[in-house]
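*Asks:* Got a predicted structure plus its sequence, pasted below:
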Amino acid sequence: MNNTQTLEKMKELKLFGMYDSFSNALETGIIHDFKADEFTAHLIEAEYDDKSDRRITRLIKYANFRSIAQLENVNYKADRNLSKSQILKISELRWLKKGENIIITGLCGTGKTFLSCAIGLKACTNCYKVEYYNSNKLFYKLKYAKSCGNYLKEFEKIIKKDLVIIDDFGLEILDKESRLSLFEILEERTEKKSMIISSQIPVENWYDIIGDKTLADAICDRLISNSQFINLKGSSLRKKKPKKD
């Protein structure tokens, strides 16, 4: 079998990392610099790296982040109340392995969404399954799924994720269906899978947002007792548009 046939078979088998590496070795002539076992190892390494990169790309795509943010670009201005050591510790993802949560609070524009997505992206690059949700859209989606008879399917999809991000929690008071859905999600995920919750509303006011006292106690207990907190401060980081003349 000649090299052209080998390349064709690599394509058919979807060994794209091997294909690119083998093609490059033939074009540059470096194939002659390897021993047989060395070149085999080189091809396997190339295929492994390619599959890993493709998997991470898929994980990022399916996470549906509101923005592609990176922890390296986090703003540590003194007035933000954000510790580099805390973010470094978070980036190690030990909390994720233990099924712990992160709660991020702060006024509008202080960077809650950016930080949530940056942590989520870090999880994706370490091959964790992540999904980002806007809070209101999540609960609307679950209501719609229930009306269509697809609730269990949507619910299972949420439960299976290693990390679920719920952004802008508390902009609207939860109705009965929404608070029950949130409780069911937490009941399945607590101490097993992690969540990031971001909110403009201070945690102590979440009881009023959730509404029902009994469920509010159950929901807040499951969240607060197993979470670390980031309370962002300072002025809005969003760029203000210049006024038109």
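*Replies:* Structure's in. What do you need?
*Asks:* how about I103, secondary structure?
*Replies:* The local conformation at I103, judged by DSSP: H, G, I helix; E, B strand; the rest coil, is strand.
*Asks:* Looks like it contacts N226 (just checking).
*Replies:* No. Contact criterion CB atoms under 8 Å: I103 and N226 do not qualify, at 10.1 Å. (Glycine included, C-beta is placed from N, CA and C.)
*Asks:* Run through the strands of the chain in chain order.
*Replies:* 101-105, 130-134, 163-167, 194-199, 227-231 (DSSP state E).
*Asks:* Including mean pLDDT, could those go into TSV?
*Replies:* Shown next, in TSV, are these (pLDDT from 0 to 100):
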stretch	mean pLDDT
strand 101-105	96
strand 130-134	97
strand 163-167	97
strand 194-199	96
strand 227-231	94
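*Asks:* Mind putting the ones you listed into a markdown table with mean neighbour count and distance to T214?
*Replies:* As requested, these are exported to a markdown table (neighbours: other CB atoms under 10 Å; distance: least, CB to CB, whole Å):
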| stretch | mean neighbour count | distance to T214 |
| --- | --- | --- |
| strand 101-105 | 23 | 21 |
| strand 130-134 | 21 | 25 |
| strand 163-167 | 25 | 21 |
| strand 194-199 | 24 | 20 |
| strand 227-231 | 16 | 21 |
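*Asks:* Point out the one among those that comes closest to E45.
*Replies:* E45 sits nearest to strand 130-134 of all the strands of the chain, at 26.9 Å, using CB to CB.
*Asks:* So which elements touch the closest one?
*Replies:* helix 36-63, helix 112-125, strand 163-167 (3 or more CB pairs under 8 Å, 6 or more residues apart in numbering; DSSP states H and E).
*Asks:* which residues does A118 contact?
*Replies:* Shown in contact with A118 (CB atoms under 8 Å, 6 or more residues apart in numbering): A69, Q70, L71, N73, V74.
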